[in-house]
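Q: this is a predicted model, with the sequence first.
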Amino acid sequence: MEKIHISLKVNGERKEADVEPRMLLVHFIRDVLKLTGTHIGCDTNNCGACTVVLNGKAIKSCSVFAVQADGSELITIEGLSKEGKMHPIQEAFVEKFGLQCGYCTPGIIMTAYWFLNKNKDPTEEEIKQAISGNLCRCTGYTKIIEAIKYATQKLKTSF
Amino acid sequence: MFPSKFNYYAPQTIEDALNLLEKYADEAKILAGGQSLTILMKFRLVRPGYIIDINRIKSLEYIRKEGNELKIGALTRISDILESELINKEYPIIIDAAKTIADPLVRNLATIGGNICHGDPGNDLPAVMMVLNARYKIQSLNGVRYVQASEFNIDSFTVDLKPNEMLTEIIIPNLDNFSGASYIKVKRKDGDFAAAAVASYLSIDQNDKIKDVRIGLTSLGSKPFLVKIDVNFIGSKASDDVFKQISTISYESANPVSDIRASAEFKKKLAKFLTFLSLKLSLSRIKGF
């Protein structure tokens, strides 16, 4: 089949491209847009390394075709910092050492970005549930949870 | 991983989707949430020539009460079901099941229709729909037909849906003040399919005598199914003793296979144990404690 023209907003900027229908959104993000902060881990919809926010919801971009994102608003990890200043969630991960090897970090931060936007004051249990689709194979969950808790405090005071 | 090449259509209306299904029939596959299909395509376990992406058909996403029934559009996301006040208040059994499906990121895309039509014996919602006596609205260019949830699953990954047909709505009767239902699932970890899960529905009269009881099983056979309760419990008092007898029928009806999640015998024991627990929970929901 012919390539299909898609047009979407990525981190606030309009992007257009012709894509094969079978191209996955994660490959579009990494190989076409060259935004390589979004990672590929398991490639089978389990690990969450490819998490992005599509039309306001955190999803795994290895489970969606790029053509499905036509007309959508997409936010990737690159879209969080503003004018060279990190997002409060990113700062919280740095300050609390919410990472070990860092491979899962962009995905977990995107999940936290979506989750903390709808739940401003989560319990620890709610945080654990929220990140249950993101695997950290260093098993550094304790510091990740601490970082997300700290991020809720930062978000309250940053505006 | 890359799927095989396919032709892509994104119809805006049910009519357009049905026309495409009629045209491409066997070669086509409906793409809803894509949380199972896309992965199967990446593994090349399925290679549809035509993908009919129904995600643009916004009229398929709704949760509403109509008369004595709850109606859910087939494209409604599992995350929207979890956030529905109506379902949280009146159908806690659906919440029991929905919150155990995969993880929050998957649930943001996964749909109720996909969970029902995929036909995996481990899908959670079919057993729930069976005990709730739900029926499915199925459309094609030839018109509309309705199928009882309990009749819909034919075998592993095989449901009563012709290539030119599409599930569009799930219709669930109201639960009255004297009926309750629940779903309990045992899984190895968050996000996993059930090692075993049991749905129960219980209806009693003012004297706690059983008026109706239904048990549905997940991951306990080649398909989700309703347990045939051949002993007549109607008129018996809803009690631990009767619940134990029904649990034994679940144990005997379950026909699971051993796999990485558990041995067949352990799963059968889970069927028994979970049936008892689920009936207790359903009863406590009627009583309000």
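A: Received the coordinates, thanks.

Q: where along chain A do the helices fall?
A: If DSSP state H is used as the criterion, the helices of chain A fall at A:25-27, A:88-95, A:105-118, A:124-130, A:141-157.

Q: could you do chain B as well?
A: B:14-24, B:37-42, B:78-83, B:85-90, B:92-98, B:104-107, B:112-117, B:125-131, B:149-152, B:240-253, B:264-287.

Q: show me what the fourth one is packed against.
A: Pointing back at helix B:85-90 there. Under the contact criterion of 3 or more C-beta pairs under 8 Å, 6 or more residues apart in numbering or on different chains; DSSP states H and E, helix B:85-90 touches strand B:63-66, strand B:69-73, helix B:92-98. C-betas here are computed from N, CA, C, even on glycine.

Q: show me how the chain divides into domains.
A: Picked chain A for this. Using automatic domain parsing, the domains assigned to chain A come out as A:4-79, A:88-157.

Q: oops, I was thinking of chain B
A: Annotated domains of chain B cover B:7-50, B:59-173, B:179-287 [automatic domain parsing].

Q: and the contacts of stretch B:182-197?
A: The contact list for stretch B:182-197 (C-beta atoms under 8 Å, 6 or more residues apart in numbering or on different chains) reads A:46, A:129, A:132-133, B:92-93, B:96-97, B:100, B:102-103, B:106, B:120, B:122, B:124, B:127-128, B:198-200, B:217-220, B:254, B:256, B:261-262, B:266-267, B:270-271, B:274, B:277-278, B:281-282, B:285.

Q: what residues sit buried inside it?
A: With burial defined by 16 or more other C-beta atoms under 10 Å in any protein chain shown, the residues of stretch B:182-197 counted as buried are B:182-187, B:191-197.

Q: next one: stretch B:129-141 to chain centre, how far?
A: Its chain's C-alpha centre and that of stretch B:129-141 lie 10 Å apart, by C-alpha atoms, centre = their mean, to the nearest Å.

Q: then stretch B:117-125?
A: Chain-centre distance of stretch B:117-125: 6 Å, with C-alpha atoms, centre = their mean.

Q: residue 117: neighbour count?
A: Answering for chain A, as no chain was given. Residue A:117 has 12 neighbours, counted by other C-beta atoms under 10 Å in any protein chain shown.

Q: hmm, I had chain B in mind actually
A: For residue B:117, the neighbour count with other C-beta under 10 Å is 25.

Q: residues contacting it?
A: By C-beta under 8 Å, 6+ apart, the contact set of residue B:117 is B:30, B:32, B:159, B:161, B:167.

Q: residue A:86 reaches residue A:80, doesn't it?
A: Yes: shown here, residue A:86 and residue A:80 form a contact pair, counting by C-beta atoms under 8 Å, at 7.4 Å.

Q: now for residue B:202: which residues touch it?
A: By C-beta under 8 Å, 6+ apart, the contact set of residue B:202 is B:179, B:180, B:181, B:210, B:212, B:213, B:238, B:279, B:282, B:283, B:286.

Q: compare the domains of chain A and give me the one nearest residue B:140.
A: For the domains of chain A, proximity to residue B:140 was assessed by C-beta to C-beta; domain A:4-79 is nearest, at 24.3 Å.

Q: contacting residues for the residue of the stretch 51-200 of chain B found nearest chain A?
A: Residue of the stretch 51-200 of chain B nearest chain A, by C-beta to the nearest C-beta: residue B:103 (3.0 Å). Residues near residue B:103 by C-beta under 8 Å, 6+ apart: A:48, A:132, A:133, B:190, B:191.

Q: quick one: the last one and residue B:183, what's the gap?
A: Okay, so that is residue B:191. 17 Å (C-beta to C-beta, to the nearest Å).

Q: point out the most buried one among the helices of chain B.
A: Of all the helices of chain B, helix B:125-131 has the most neighbours on average by mean count of other C-beta atoms under 10 Å in any protein chain shown, namely a mean of 29.

Q: tell me the mean pLDDT over it?
A: Averaged across helix B:125-131, pLDDT comes to 98.

Q: contacts for it, please.
A: Contact with helix B:125-131 is made by B:93-94, B:96-98, B:101, B:112, B:115-116, B:136, B:149-150, B:152-153, B:170, B:172, B:181, B:183, B:197-201, B:214-218, B:223-226, as judged by C-beta under 8 Å, 6+ apart.

Q: return the distance of residue B:46 relative to residue B:112.
A: Residue B:46 sits 21 Å away from residue B:112, going by C-beta to C-beta.

Q: got the end-to-end distance for stretch A:8-20?
A: 16 Å (C-alpha to C-alpha, to the nearest Å).

Q: quick one: buried residues of it?
A: A:8, A:10, A:11, A:15, A:17, A:19, A:20.

Q: near chain A, which residues of the stretch 1-150 of chain B?
A: B:1-8, B:10, B:31, B:34-35, B:38-39, B:42-43, B:51, B:53, B:55, B:79, B:102-106, B:108-109 (C-beta under 8 Å from any C-beta of the partner chain).

Q: let's have the helices and strands packed on helix B:85-90 in TSV, adding mean pLDDT.
A: TSV is the format used below for these (pLDDT from 0 to 100):
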stretch	mean pLDDT
strand B:63-66	97
strand B:69-73	98
helix B:92-98	98
